[in-house]
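>>> Build me a model:
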Amino acid sequence: MSIRVLLREYSHRSIALVTSDHALIFRHTPSTNDAIANGALNSMSRNSLDSTSVPKCMVEFADLKTVDLSDYRTLSPLPVHGTLGLITINNDVFLCVVTNATKVASVRPGETVERILKVDFYCLNSTEYDHAFGDNLEPYTVEGQDNYGSGAGRRDPAQEHPCLELEKMLGNGSFYFSTDFDVTNRLQDRPTEALTLEIDSLDESFLWNSYMISPLVKFRTRLAARDKKALDRSRILTSAIRGFVLTITIPTSSAPLSTRKTGLPSTLTLISRLSCRRAGTRFNSRGIDDDGNVANFVESETIYWCPTVSANVFGESSINEKPAGICFSYAQIRGSVPVFWEQAAGLIPGQQKISITRSKEGSQPAFDKHFGELEQNYGAVHIVNLLSETRHGEAELTQLYKYGVKHSALNRPDDHNSRDHELLRETEFDFHAETKGPNGYEAASMIRRQIENSAEGFAYYLSEEIEDASDDYEKPHRRTVVVLQQEGVFRTNCLDCLDRTNLIQTIISQMAIESFLGHRGKSAASDFWMRHSSLWADNGDALSRIYAGTGALKSSFTRHGKMSLAGAIADARKSATRLYINNFADKGRQNTIDVLLGRLVGQTPVHLFDPINDFVTAELSKRSAEYQSSEMINIYAGTFNLNGRTTGIEEDLSSWLCPEIEASQQQPEIVAVGFQEIVELSPQQIMNSDPTRKQLWEKAVRKTLNRHARAVDSEHYVLLRSGQLVGAALCIFVKSSVLKHIKNVEGSVKKTGMSGMAGNKGAVAIRMEYANTQICIVTAHLAAGFANYEERNRDYTTIHHGLRFQRNRGIDDHDTVIWLGDFNYRIGLIAEKVKKYIQMGDLEALYGNDQLNLQMVAGLTFPYYSESRITFNPTYKFDLGNDNYDTSEKARIPAWTDRILRKGANIRQINYNSAPLRFSDHRPVYATFQCTVSIIDEEAREALSREIYVRRRGIVSSTTANTVDEDTDDEDLIGYDSIEPGLPPASSDKRKWWLDNGKFARSALEPAQKGAVPNSKRPSNPYTYSDEPDWVSVPRAPTRSFSQVSTTSTIRKPANGGRKLPPPYDPSGALSLLQKTSQSSPIQAKQTQANSSTAKNILPPPNLTSTQDHRLSTSTTSPTTKKAPPVARKPVHLTGSPSLNSSPTPSFSSVASTRRQPATDHPGSALPPRRATGSSPMIGRDQKDFTTPPPPPQPRRGGAKSMVEGPNPGLLSRPPVDLMDDEAGMIGGSWETLKPR
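Model prediction:
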């Protein structure tokens, strides 16, 4: 299906992959972190950008009829073959598409495989790279070396595309894809009736673009079933493997199985799938990791398909015979020796030293994981080990291999004690020794006799295609019938798993085909076997170029069956080329592989926006307690400068390794022991490391630990890993029971002596993952000399920044870090004074002059590290064999040179002390820690994730990437990023963080009365206290000379339901009219009773006329029609001007206004007496004493309180009046002043 690449640059840059009926559209979404990165927004936290910066991209898959592509232009002149996914390089998001490919294989009819020849990376968020330079010449080299990773820095970075190295690697001819079938799985593991390729069912072990395609795979799973099928049919999403794929056509004359009626040729296909789990180049990827993945692991499948004529199932005559096919498949695997080992590249062929990095006991869990997975995937496993028995390094690997097989749970006989069908067997075949005789490589066929029993037991995969004719003679249906399945696999290895391995695998493949043909009474001609050998020779060359950089050695014999002089010369040339590539180009090649697989520290995958997925992630973080737990483990760390002595190996090390401390700190899970000057630092030693001394001390430490473990009936310790840099060594021991929790153990060294060229000074580090907590332990030997503290600071900086593990991990990329060693920091006092303080026990005075303490306080070394309080005497320098400080001529100043520091929020130090071992001029130091490790239940987490997703799915709708609105706020669609850890995302016009679940904000506020408008005099901040009402209305009154302003306020309906009580009088102005609802005077009650017989519907009072002297009206209405009952009599004193206490919250202005009014305005209105201040003069004629009246009703909300606190600044002042209640005023047609009795 043809796929076009279209680009729209305005208003939002978008890239669309368009088929004949659907379109997949991508649009990058800028976020808050992008603003921080561009300098448009400042962040208070240095780490906020690094911790939350995830590139986001909106994606939409839609029917072509619903998408407007008029604004798009063609980006690629030719149709493409799909996309490999998305990747981020330097904060830019790129879409990778396959622009050129060629068909190389046809496994079965309708199942084709194509080889990738060229890819392009299109930037989603920038036009900067639209015309960047890319080296597209010679996209792949047939016989030469891989050229990716070798051109970095040769051109101007400003003109070079940032994905150039990825383009070169993906286009070098080693990557293959199929849009017809699942190329990541062998025939036996593929469903026989699969109609379409479902990309989410691929085997990620062999899917090399899994990192780039995974966001799209997740997006696909969220689609509806119809859209999901449409996306699969479009073949836009491409799955790529790495290795070798090729089909050779076998003519009818040479085919071992043929039918004269069809006349169709048969095919022979070889598919080699290279695993991406532990991918890398020759000397950068060796051995096994803690997850059971081995380097250079390849699954090779030989497939033979032959057309046949088969009668249909109804046994009809030959006139109804339809051409079908028979398919043979046989899989075998290769992989590095599954133990922990490394090998350094060197310039002398065959002299690259092999280093065993973990003990045989420590390697067993990973060994068992590896073969347990193989047994699950393939059945029984037969190991064919081709390593030499005479070469030292290979012989050592063989011994470790034997140990692992012997202790493996798979190595057990069957019920009849027969070894023919046990799940794990091993055959040792020294290839070099066996082929050294006059027969040369032809002697390799002797392996047949040693493995033929297993070959017969493993069998092979066989299927036949037949066609079923229906009763109504409609078009018959073809189906595949599995006749036989492969029950086991051969695992072949040499040192590199290239040359020797490929030759032996060719022989095993031939044995399997011969067995298949023999069961049918057929045999193959020599022409067929020549084609078979040529196919395997091409396979060996391809795999060798990937791993070692050149074609395979011995390929001449594999191809032609004999070794020629030209083949020997070609092998010599390849060996020389390998030396150059392995020493000078492999580092860049390895980095490119890690970038493609997303394994660099800090490398984040592109996030395809999905509001549901974002919510699920946030909810999982909030509910982490449901699937995450913690566990407390103990860690022991000890450091000892041996001064090159070996006399202490036979001494009792218990006082140092097993001190008398709290019982809870004994028998720790992890024991880290660091040594310095393990060998004498002579000029001959500083350039190389001799492991002999280290191994002796490892044995002594393990012996001491296990002796004490047996004494308390505890578990024994095993060596997890050790490392050495000349005199510095680090050994990690762990309890055997915790090996299952530890993975990804790596080691690294960094030299600092002689400007980093020699190893007289430097550091050794080992990192591991204990459950889900990353731990790094470093032992260091820094520069010596009393006054060289600045050089020691530089040594720390060199180690901190230069020491790197795999995937570009640094020391700070861990949850817990422990530094131990001889740091060589001294005490800045003269020797006599130091010794005097030691005798006095005044360690505080010494610590105040300690160089390390002073440098750490100044922030010049070991920032953010902590050290427990020192309670032991200086550990340097002593006379040998006693506790006297240096009495030699040099008389060195005693100092705490041996230290242990820590960093991490999850670690707490318990003990810190030295031990009385006297065979060195240093004293050993130890510390114990409690470390909290995090344990995540992945199954519980996944179940919770699915539950949240299903519940959230119906609430939030999806977004579109094809919007053309320039004002679209992407942050509103996807949510703002938090610019600081712990803060909620910022709000926007459409989203408020304080609303539940981030729903869109919609205003539902309406005025209380038609015609009312917001009060412009209210403060803009709604939380600021103000006397101003929220709403005001401005009615037009022709009889007034000024605007009548009335406040819209809701008055509570009285309990009697017929009428409203008048509001309390407020002398502050007209606003008091709305609030006077509490009481009525006796006179008002009489008038109310008199008018009650004629009371109708309660209507708003009429507007005041000009003759009524500035009286205001209210705009409130009451819907009730019930006749008002009589009310209680109003106290007489309330018929006049109320006292200051009549208002619940009088303002100063209202008080002043009341006191300024003359008494003659209302002759019958006298102030009531003040109880708190005594008597007051009475104003008026018939004045009586009354008690203080009850307070009026309080308003229901705080905002109403301001209406009675003072005069409205928008109203004119007037004399205080006392008005009738609402009903009386309404009935009378106007407001009337009450007359005193």
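>>> the strands in the stretch 901-1050 of the chain, which residues?
Applying DSSP state E, counting those that start in this stretch to the stretch 901-1050 of the chain gives strands spanning 907-914, 925-936, 1013-1014, 1031-1033, 1046-1047.
>>> what helices or strands is the first one leaning on?
Helices and strands touching strand 907-914, as assessed by 3 or more CB pairs under 8 Å, 6 or more residues apart in numbering; DSSP states H and E, comprise strand 898-903, strand 925-936. Using the backbone N, CA and C atoms, a C-beta is placed for each residue, glycine as well.
>>> Please identify the deepest-packed of these.
Per-stretch averages of neighbours, counted by mean count of other CB atoms under 10 Å, single out strand 898-903 among the helices and strands packed on strand 907-914, with a mean of 22.
>>> closest to L84 out of the strands of the stretch 901-1050 of the chain?
Minimum separation from L84 across the strands of the stretch 901-1050 of the chain (CB to CB) falls at strand 925-936, 30.2 Å.
>>> Looking at that closest one now, give me its mean pLDDT.
When pLDDT is averaged along strand 925-936, the result is 94.
>>> Tally up the residues packed near the nearest residue in space to A831 that is not next to it in sequence, please.
In this structure, A831 finds its nearest non-sequential neighbour in I893, 4.6 Å apart by CB to CB, 6 or more residues apart in numbering. By the criterion of other CB atoms under 10 Å, I893 has 21 neighbours.
>>> Is I893 in a helix, a strand, or coil?
Look at I893: counting by DSSP: H, G, I helix; E, B strand; the rest coil, its state is coil.
>>> which ones are touching it?
Contacts for I893 (CB atoms under 8 Å, 6 or more residues apart in numbering) come out as F786, R826, I827, L829, I830, A831, V834.
>>> who's in contact with the spatially closest residue to the fourth one that is not a sequence neighbour?
With sequence-adjacent residues excluded and distances taken as CB to CB, 6+ apart, L829 is closest to N849, at 5.3 Å. Neighbouring residues of N849 by CB under 8 Å, 6+ apart: I827, G828, L829.
>>> need the next SSE after the helix-or-strand element of the chain with minimal mean pLDDT, C-terminal direction.
The least trusted helix or strand in the chain, going by mean pLDDT, DSSP states H and E, turns out to be helix 48-52, with a mean of 39. Proceeding C-terminally, helix 48-52 gives way to strand 56-63 as the next helix or strand, assigned by DSSP states H and E.
>>> what is the rounded mean pLDDT of that following strand?
Per-residue confidence for strand 56-63 averages out to 84 on the pLDDT scale.
>>> Repeat that for stretch 837-847.
Mean predicted lDDT for stretch 837-847 stands at 94.
>>> so how far does that stretch reach from one end to the other?
Using CA to CA, to the nearest Å, the end-to-end distance of stretch 837-847 comes to 11 Å.
>>> Buried ones in it, by neighbour count?
In terms of neighbour count (16 or more other CB atoms under 10 Å), stretch 837-847 has its buried residues at Y837, L843, L846, Y847.
>>> which other residues reach the one helix or strand E790 maps to?
For E790, the host element (DSSP H and E) is helix 789-802. Residues from elsewhere that reach helix 789-802 (CB under 8 Å, 6+ apart): 750, 752, 756, 761-763, 778, 780, 782-783, 785, 810-812, 823-826, 851, 855, 860-862.
>>> Ok, stretch 396-408 next?
Contacts of stretch 396-408 with the rest of the structure, by CB under 8 Å, 6+ apart, involve 337-339, 341, 354, 356, 360, 363-364, 367-368, 371, 383, 385, 387, 389, 411, 424, 426, 428, 495.
>>> Dump that stretch to PDB, restricted to CA.
Provided in PDB are the C-alpha atoms of stretch 396-408 (Å, rounded to 0.1, in the frame of the first residue of the first chain):
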ATOM      1  CA  GLU A 396      38.500 -20.500  32.300                       C
ATOM      2  CA  LEU A 397      35.200 -19.700  30.700                       C
ATOM      3  CA  THR A 398      34.600 -23.400  29.900                       C
ATOM      4  CA  GLN A 399      35.100 -24.300  33.600                       C
ATOM      5  CA  LEU A 400      32.500 -21.600  34.600                       C
ATOM      6  CA  TYR A 401      30.200 -22.900  31.900                       C
ATOM      7  CA  LYS A 402      30.500 -26.500  33.300                       C
ATOM      8  CA  TYR A 403      29.800 -25.300  36.800                       C
ATOM      9  CA  GLY A 404      26.600 -23.500  35.700                       C
ATOM     10  CA  VAL A 405      25.400 -26.500  33.800                       C
ATOM     11  CA  LYS A 406      26.100 -28.800  36.700                       C
ATOM     12  CA  HIS A 407      24.100 -26.700  39.100                       C
ATOM     13  CA  SER A 408      21.300 -25.800  36.800                       C
END
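>>> Partner strands of the helix or strand that the helix holding E790 is followed by, with direction?
Per DSSP H and E, helix 789-802 leads on to strand 816-822 as the next helix or strand towards the C-terminus. Under the criterion DSSP bridges, strand 816-822 sits next to strand 773-781 (parallel), strand 898-903 (antiparallel) in its sheet.
>>> between strand 816-822 and strand 907-914, how big is the angle?
Our comparison of strand 816-822 with strand 907-914, counting by axes from the mean of the first three to the mean of the last three CA atoms, to 10 degrees, yields an angle of 10 degrees.
>>> Strand 816-822 relative to strand 925-936, how many degrees between them?
With the same axes, to 10 degrees as the basis, strand 816-822 and strand 925-936 are set at 160 degrees to each other.
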